[in-house]
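S.K.: Okay, sequence plus prediction incoming.
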There are 2 protein chains.
Amino acid sequence: MRILLVEDEPKIAYSIVSALTGANYRVDAVRDGETAWFRGDTEDYDLVILDLGLPKMDGLAVLKRWRAAGKMMPVLILTARGTWPERVEGIDAGADDYLAKPFQIEEVLARVRALIRRSVGQGSAILTAGPIALDTRQMRVLFDGAPVSVSPLEYRLIGYLLHHKGRVVSSSELIEHLYGDDDARDANALEAVVTRLRRKLGPDFIETRRGFGYLVSDEPA
Amino acid sequence: MRILLVEDEPKIAYSIVSALTGANYRVDAVRDGETAWFRGDTEDYDLVILDLGLPKMDGLAVLKRWRAAGKMMPVLILTARGTWPERVEGIDAGADDYLAKPFQIEEVLARVRALIRRSVGQGSAILTAGPIALDTRQMRVLFDGAPVSVSPLEYRLIGYLLHHKGRVVSSSELIEHLYGDDDARDANALEAVVTRLRRKLGPDFIETRRGFGYLVSDEPA
DNA sequence: TGCGTCCTGTCAGCAAAATGTCAGGGCATT
DNA sequence: AATGCCCTGACATTTTGCTGACAGGACGCA
């Protein structure tokens, strides 16, 4: 799960990053609204934690621009206590949850968990690469527009690869993502899944980089 | 825009009336359920803000009687935080939105705006998908125009799926919304409800995405 | 109060799908 | 050609969801 943290105050940013990283999320942190807007617009995040009152571009403006551009990822807003007018504006702008400063780190984690749980299967972003599209609303894979039935594990695998398309993903990273650190599986289990997916999506879509991992190419075939 | 406020606590009533009046709404305020029922039945309001826990007649009872009499105005319910059973009952009774006490005045205004916007725009009280229609005012389910008798739980389930049609809804999310976090039920209970609904609505209407959840398709069959 | 009915959770068994495991075989890299 | 890494078909196991049956409880009605 990738999270974008937008927070200009270093101390707060650091504590949130630590907590989220410790909870096994991948976190990108930025400090100003302009950068935030760009990252949120070009990358796919599962969640954004957005501080209001930022340099360069106000947090609410960033949020509104994302929503206007069709970005639907859940957004958790951090706001100073007592600034309720902002909260109301936030509702209108399309925020999903709020947290007033100062807050406990545990609260942040709880909200993050809740938002991500809620948004699973709801993100309207449809990831594509070549003829394959991942319909995250209906939890299915489209091949040339036609639905292909995939199992949950297959879905997670192709989802992860699409999420990181254009980059080689190592087997260990995939295994870590598909299963937990807790119950690690044999590498062969992963290979079996890949095989089954290739049978459904065609052999060329998931490339093998022998010795390194797997790759879904970014470029239009 | 005329709003009926039903609230027995003077302080709260006063602050809401002030805020609404300041926002250019015409507000009538009453303090007990009986009066509320009479006013709502004889006058035309664009919105009702309804506190539960009223003298003389309970808020939910008022709402039910309005709906039974064919009153269609949107209702915003004020409820004490954490009283899930009330909330569930409210859904059954035909409420449109909720606000947990204590709340900020600005929140009330935001919800009021949202509800009025919704009802003015295309406030269709009837959700449809394929041959199934959900009449949220009369709390009935229609299949090809013919009423189908469904239980309260079945109604909530099909209602939730229709509200989120086109998207896969996970079992845990469904359970959370059908029962509330307090008394979680076995996943099998949910399956039983689904089975019973399918027997009434036909097997194809509620699709199963094995490993993910349930789905009511968006597309015209 | 007593009876019947409806609603709904629980249980158990079943079927099907999903997934891990194994054993060989192929193929790339050297 | 040798060496590993990877692929894959077959099989076993586990998981998941469906369904009929049953029971407790709520509710209405006499």
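M.R.: Cool, the structure landed.

S.K.: Relative to whatever helix or strand A:L5 lives in, what are the paired strands and their orientations?
M.R.: Using DSSP states H and E, A:L5 maps to strand A:2-6. Sheet pairing for strand A:2-6, assigned by DSSP bridges, gives strand A:26-30 (parallel), strand A:47-51 (parallel).

S.K.: Can you add mean pLDDT, mean neighbour count and distance to B:M72 and give those back as JSON lines?
M.R.: C-beta coordinates here come from the backbone N, C-alpha and C atoms, glycine included. Compiled in JSON lines, these are given as follows (pLDDT from 0 to 100; neighbours: other CB atoms under 10 Å in any protein chain shown; distance: least, CB to CB, whole Å):
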{"stretch": "strand A:26-30", "mean pLDDT": "86", "mean neighbour count": "17", "distance to B:M72": "47"}
{"stretch": "strand A:47-51", "mean pLDDT": "92", "mean neighbour count": "25", "distance to B:M72": "38"}
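
S.K.: could you redo these as a markdown table and give each row distance to B:F212?
M.R.: Shown next, in a markdown table, are the strands paired with strand A:2-6 (distance: least, CB to CB, whole Å):
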| stretch | distance to B:F212 |
| --- | --- |
| strand A:26-30 | 23 |
| strand A:47-51 | 20 |
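
S.K.: for these, which one sits closest to DNA strand C?
M.R.: Of all the strands paired with strand A:2-6, it is strand A:26-30 that lies closest to DNA strand C, at 22.0 Å by CB to the nearest atom of the strand.

S.K.: just the CA coordinates of the closest one, formatted as CSV?
M.R.: C-alpha atoms of strand A:26-30 as CSV (Å, rounded to 0.1, in the frame of the first residue of the first chain):
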residue,chain,number,x,y,z
ARG,A,26,5.2,2.5,1.7
VAL,A,27,5.3,6.2,2.3
ASP,A,28,6.3,9.1,0.1
ALA,A,29,6.5,12.4,1.9
VAL,A,30,6.4,15.9,0.4
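
S.K.: next helix or strand past that strand?
M.R.: helix A:33-42.

S.K.: Give the buried residues for that next one.
M.R.: If you call a residue buried by 16 or more other CB atoms under 10 Å in any protein chain shown, then helix A:33-42 has these buried ones: A:G33, A:T35, A:A36, A:W37, A:R39, A:G40.

S.K.: and the residues you listed near DNA strand C, which?
M.R.: Near DNA strand C, taking CB under 7 Å from any atom of the strand as the test, no member of the buried residues of helix A:33-42 is found.

S.K.: okay if I get those residues as CSV plus pLDDT?
M.R.: Below are the buried residues of helix A:33-42 laid out as CSV (pLDDT from 0 to 100):
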residue, pLDDT
A:G33, 89
A:T35, 89
A:A36, 91
A:W37, 90
A:R39, 87
A:G40, 87
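
S.K.: ok, these vs A:R167, which is closest?
M.R.: A:R39 (16.7 Å; CB to CB).

S.K.: so who does the closest one touch?
M.R.: A:L4, A:D28, A:V30, A:Y45 (CB atoms under 8 Å, 6 or more residues apart in numbering or on different chains).

S.K.: which residues of chain A fall in helices?
M.R.: A:10-22, A:33-42, A:59-68, A:84-93, A:105-119, A:152-163, A:171-178, A:187-201 (DSSP state H).

S.K.: can I get these in TSV with distance to B:P74?
M.R.: Shown next, in TSV, are the helices of chain A (distance: least, CB to CB, whole Å):
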stretch	distance to B:P74
helix A:10-22	38
helix A:33-42	33
helix A:59-68	24
helix A:84-93	17
helix A:105-119	24
helix A:152-163	39
helix A:171-178	44
helix A:187-201	47
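
S.K.: Which residues of chain A lie near DNA strand D?
M.R.: A:171, A:187-188, A:191-192, A:194-195, A:198-199, A:203, A:208, A:210-213.
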